[in-house]
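> model this:
(one chain, ligands or ions: 1)
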Amino acid sequence: MNTNRLSSAMQDALIKQMTKEGHASQIFLSYGCWADVKGYGGIANFLYRHSQEERNHMIKFMRYILDRGGEARVEAIPAPPENPQNLTDCFNKVFQHEVDNTTSIYALVDLSFQEKDWATWNFMQWFVKEQIEEEKLALELIDKLKIAGGDRASDESLFSLDKALEAAPDDVPLPETATAENPS
Ligand code: FEO
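Numbering: from 1, shown residues only. All right, here's what the predicted structure looks like:
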(Lines give C-alpha, C1' and ligand atoms only; values in the text may rest on other atoms or scores of the structure.)
Protein backbone atom coordinates (compact mmCIF):
# COMPACT_ATOMS: atom_id res chain seq x y z
CA MET A 1 0.00 0.00 0.00
CA ASN A 2 1.33 3.42 -0.91
CA THR A 3 1.18 5.58 2.21
CA ASN A 4 3.01 8.54 0.66
CA ARG A 5 0.41 11.29 0.25
CA LEU A 6 2.76 13.38 -1.90
CA SER A 7 3.19 12.86 -5.63
CA SER A 8 6.73 12.05 -6.65
CA ALA A 9 7.02 15.46 -8.38
CA MET A 10 5.75 17.22 -5.27
CA GLN A 11 8.07 15.35 -2.94
CA ASP A 12 11.05 16.25 -5.15
CA ALA A 13 10.00 19.91 -5.29
CA LEU A 14 9.58 20.05 -1.49
CA ILE A 15 13.01 18.46 -0.97
CA LYS A 16 14.50 21.03 -3.37
CA GLN A 17 12.94 23.82 -1.32
CA MET A 18 14.19 22.22 1.90
CA THR A 19 17.72 22.37 0.49
CA LYS A 20 17.17 25.95 -0.71
CA GLU A 21 16.21 27.05 2.82
CA GLY A 22 19.35 25.32 4.14
CA HIS A 23 21.37 27.14 1.50
CA ALA A 24 19.85 30.50 2.55
CA SER A 25 20.83 29.68 6.14
CA GLN A 26 24.44 29.09 5.09
CA ILE A 27 24.47 32.28 2.98
CA PHE A 28 23.30 34.46 5.87
CA LEU A 29 25.73 32.73 8.24
CA SER A 30 28.52 33.48 5.78
CA TYR A 31 27.43 37.14 5.37
CA GLY A 32 27.26 37.33 9.19
CA CYS A 33 30.90 36.19 9.44
CA TRP A 34 31.84 38.79 6.82
CA ALA A 35 30.11 41.56 8.81
CA ASP A 36 31.72 40.32 12.03
CA VAL A 37 35.20 40.49 10.48
CA LYS A 38 34.45 44.04 9.29
CA GLY A 39 33.63 45.01 12.89
CA TYR A 40 29.84 45.26 12.47
CA GLY A 41 28.91 43.06 15.43
CA GLY A 42 25.26 44.17 15.46
CA ILE A 43 24.73 43.51 11.76
CA ALA A 44 26.47 40.14 12.18
CA ASN A 45 24.14 39.31 15.05
CA PHE A 46 21.12 40.21 12.88
CA LEU A 47 22.40 37.97 10.06
CA TYR A 48 23.16 35.07 12.42
CA ARG A 49 19.61 35.26 13.77
CA HIS A 50 18.28 35.32 10.23
CA SER A 51 20.40 32.31 9.37
CA GLN A 52 18.71 30.44 12.22
CA GLU A 53 15.29 31.45 10.88
CA GLU A 54 16.14 29.93 7.49
CA ARG A 55 17.23 26.73 9.23
CA ASN A 56 13.80 26.69 10.90
CA HIS A 57 12.18 27.01 7.47
CA MET A 58 14.20 24.01 6.29
CA ILE A 59 12.96 21.98 9.27
CA LYS A 60 9.33 22.95 8.54
CA PHE A 61 9.65 21.45 5.02
CA MET A 62 11.32 18.33 6.44
CA ARG A 63 8.53 17.90 9.00
CA TYR A 64 5.80 18.40 6.40
CA ILE A 65 7.26 15.83 3.99
CA LEU A 66 7.57 13.27 6.82
CA ASP A 67 4.08 14.00 8.15
CA ARG A 68 2.64 13.31 4.71
CA GLY A 69 4.27 9.88 4.61
CA GLY A 70 7.07 11.04 2.33
CA GLU A 71 10.81 10.64 2.44
CA ALA A 72 12.68 13.79 3.47
CA ARG A 73 16.09 13.41 1.85
CA VAL A 74 18.86 15.68 3.14
CA GLU A 75 20.84 16.78 0.11
CA ALA A 76 24.17 18.55 -0.33
CA ILE A 77 24.02 22.30 0.25
CA PRO A 78 26.07 24.39 -2.20
CA ALA A 79 28.78 26.67 -0.80
CA PRO A 80 27.69 30.26 -0.10
CA PRO A 81 28.58 32.85 -2.78
CA GLU A 82 31.52 35.24 -2.41
CA ASN A 83 31.50 37.85 0.32
CA PRO A 84 29.66 41.12 -0.39
CA GLN A 85 31.70 44.13 -1.52
CA ASN A 86 30.28 46.47 1.11
CA LEU A 87 27.17 46.97 3.26
CA THR A 88 25.02 48.23 0.36
CA ASP A 89 25.97 45.16 -1.66
CA CYS A 90 25.30 42.93 1.36
CA PHE A 91 21.79 44.30 2.00
CA ASN A 92 20.92 44.33 -1.72
CA LYS A 93 21.97 40.66 -1.89
CA VAL A 94 19.90 39.77 1.18
CA PHE A 95 16.87 41.37 -0.53
CA GLN A 96 17.57 39.57 -3.82
CA HIS A 97 17.85 36.19 -2.02
CA GLU A 98 14.44 36.78 -0.49
CA VAL A 99 12.87 37.73 -3.83
CA ASP A 100 14.36 34.59 -5.43
CA ASN A 101 13.01 32.51 -2.57
CA THR A 102 9.56 34.01 -3.03
CA THR A 103 9.69 32.88 -6.68
CA SER A 104 10.45 29.30 -5.52
CA ILE A 105 7.64 29.40 -2.96
CA TYR A 106 5.19 30.59 -5.65
CA ALA A 107 6.31 27.73 -7.94
CA LEU A 108 5.40 25.26 -5.17
CA VAL A 109 2.01 26.93 -4.68
CA ASP A 110 1.50 26.67 -8.43
CA LEU A 111 2.40 22.96 -8.48
CA SER A 112 0.09 22.21 -5.55
CA PHE A 113 -2.72 24.04 -7.38
CA GLN A 114 -2.09 22.08 -10.58
CA GLU A 115 -2.11 18.77 -8.66
CA LYS A 116 -5.12 19.80 -6.55
CA ASP A 117 -2.95 18.89 -3.55
CA TRP A 118 -4.85 21.13 -1.14
CA ALA A 119 -2.92 19.98 1.94
CA THR A 120 0.33 21.23 0.39
CA TRP A 121 -1.40 24.33 -0.95
CA ASN A 122 -2.57 25.10 2.58
CA PHE A 123 0.87 24.40 4.09
CA MET A 124 2.47 26.72 1.54
CA GLN A 125 0.25 29.65 2.50
CA TRP A 126 2.32 30.04 5.70
CA PHE A 127 5.38 30.58 3.51
CA VAL A 128 3.58 33.00 1.19
CA LYS A 129 2.84 35.14 4.26
CA GLU A 130 6.33 34.64 5.67
CA GLN A 131 7.89 35.93 2.44
CA ILE A 132 5.95 39.20 2.74
CA GLU A 133 7.64 39.63 6.14
CA GLU A 134 11.06 38.51 4.93
CA GLU A 135 11.05 40.87 1.94
CA LYS A 136 9.87 43.75 4.12
CA LEU A 137 12.64 43.05 6.63
CA ALA A 138 15.23 43.08 3.83
CA LEU A 139 13.77 46.29 2.35
CA GLU A 140 14.04 47.94 5.76
CA LEU A 141 17.76 47.07 5.85
CA ILE A 142 18.25 48.87 2.54
CA ASP A 143 16.20 51.86 3.73
CA LYS A 144 18.05 52.14 7.06
CA LEU A 145 21.42 52.12 5.31
CA LYS A 146 20.24 54.77 2.81
CA ILE A 147 19.14 57.02 5.69
CA ALA A 148 22.53 56.48 7.36
CA GLY A 149 24.21 57.78 4.19
CA GLY A 150 24.68 54.64 2.09
CA ASP A 151 28.25 54.05 0.93
CA ARG A 152 29.21 57.52 2.21
CA ALA A 153 27.75 57.01 5.70
CA SER A 154 29.83 58.45 8.53
CA ASP A 155 31.39 56.19 11.14
CA GLU A 156 28.94 57.59 13.69
CA SER A 157 25.84 56.76 11.62
CA LEU A 158 27.20 53.27 10.85
CA PHE A 159 27.84 52.78 14.56
CA SER A 160 24.19 53.70 15.28
CA LEU A 161 22.92 51.45 12.46
CA ASP A 162 24.96 48.56 13.79
CA LYS A 163 23.54 49.03 17.29
CA ALA A 164 19.98 49.38 15.92
CA LEU A 165 20.22 46.12 13.97
CA GLU A 166 21.54 44.24 16.97
CA ALA A 167 18.34 45.16 18.82
CA ALA A 168 15.99 44.98 15.80
CA PRO A 169 13.07 42.54 16.12
CA ASP A 170 13.18 39.49 13.83
CA ASP A 171 9.52 39.89 12.89
CA VAL A 172 7.81 42.81 11.23
CA PRO A 173 4.04 43.43 11.39
CA LEU A 174 2.04 42.29 8.36
CA PRO A 175 -0.09 44.86 6.50
CA GLU A 176 -3.36 43.23 7.61
CA THR A 177 -2.58 44.21 11.23
CA ALA A 178 -2.46 47.93 10.35
CA THR A 179 -5.30 50.16 11.57
CA ALA A 180 -6.16 53.86 11.19
CA GLU A 181 -4.89 54.42 14.77
CA ASN A 182 -1.68 52.53 14.10
CA PRO A 183 -0.90 52.50 10.36
CA SER A 184 2.85 51.77 10.62
FE1 FEO B 1 13.12 31.04 4.14
FE2 FEO B 1 14.10 34.02 3.84
O3 FEO B 1 12.97 32.64 3.35
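
> is stretch 136-149 up against the ligand anywhere?
No. Stretch 136-149 is not in contact with the ligand by C-beta under 6 Å from any ligand atom; minimum separation 8.2 Å. To be clear about C-beta, it is placed using only N, CA and C from the backbone, and glycine gets the same treatment.

> please point out which parts of that stretch sit buried.
137, 138, 141, 142, 144, 145, 148 (16 or more other C-beta atoms under 10 Å).

> skipping adjacent residues, who's closest to the last one in space?
In this case it means residue 148. Among residues not flanking residue 148 along the chain, residue 157 sits closest, at 4.0 Å (C-beta to C-beta, 6 or more residues apart in numbering).

> in three-state terms, label the one you found for me.
Secondary structure, DSSP: H, G, I helix; E, B strand; the rest coil: residue 157 is helix.

> what's the pLDDT at it?
pLDDT recorded at residue 157 is 94.

> so it is in contact with residue 150, correct?
No. Using C-beta atoms under 8 Å, residue 157 is not in contact with residue 150, being 9.9 Å away.

> between those two, which one's more packed in?
More crowded of residue 157 and residue 150, by other C-beta atoms under 10 Å: residue 157, with 16 against 13.

> what's the distance between that one and residue 87?
With distances taken as C-beta to C-beta, to the nearest Å, residue 157 is found 11 Å from residue 87.

> same question, residue 132
24 Å.

> and what of residue 130?
25 Å.

> ok, those two, which is more surrounded?
In this view residue 130 and residue 87 are compared by other C-beta under 10 Å, and residue 87 has more residues nearby, 22 against 18.

> okay but that one is in contact with residue 44, surely?
No. With contact defined as C-beta under 8 Å, residue 87 does not reach residue 44; the gap is 11.7 Å.

> so residue 44 touches residue 30, yeah?
No. Taking contacts as C-beta under 8 Å, residue 44 lies outside contact range of residue 30: 10.9 Å.

> show residues contacting stretch 72-90.
15, 18-19, 22-23, 26-27, 29-31, 34-35, 40, 43, 61-62, 65-66, 93, 142, 145, 150-151, 153, 158 (C-beta atoms under 8 Å, 6 or more residues apart in numbering).

> again, only this time at 7 Å
Residues from elsewhere that reach stretch 72-90 (C-beta atoms under 7 Å, 6 or more residues apart in numbering): 15, 18-19, 22-23, 26-27, 30-31, 34-35, 62, 65-66, 93, 145, 150-151.

> next: stretch 110-121.
Identification of contacts with stretch 110-121 by C-beta under 7 Å, 6+ apart yields 7, 9, 10, 13, 68, 109, 124.

> residues in this structure within reach of the ligand, list them.
Those residues of the chain that sit near the ligand, judged by C-beta under 6 Å from any ligand atom, are 21, 24, 54, 57, 98, 101, 134.
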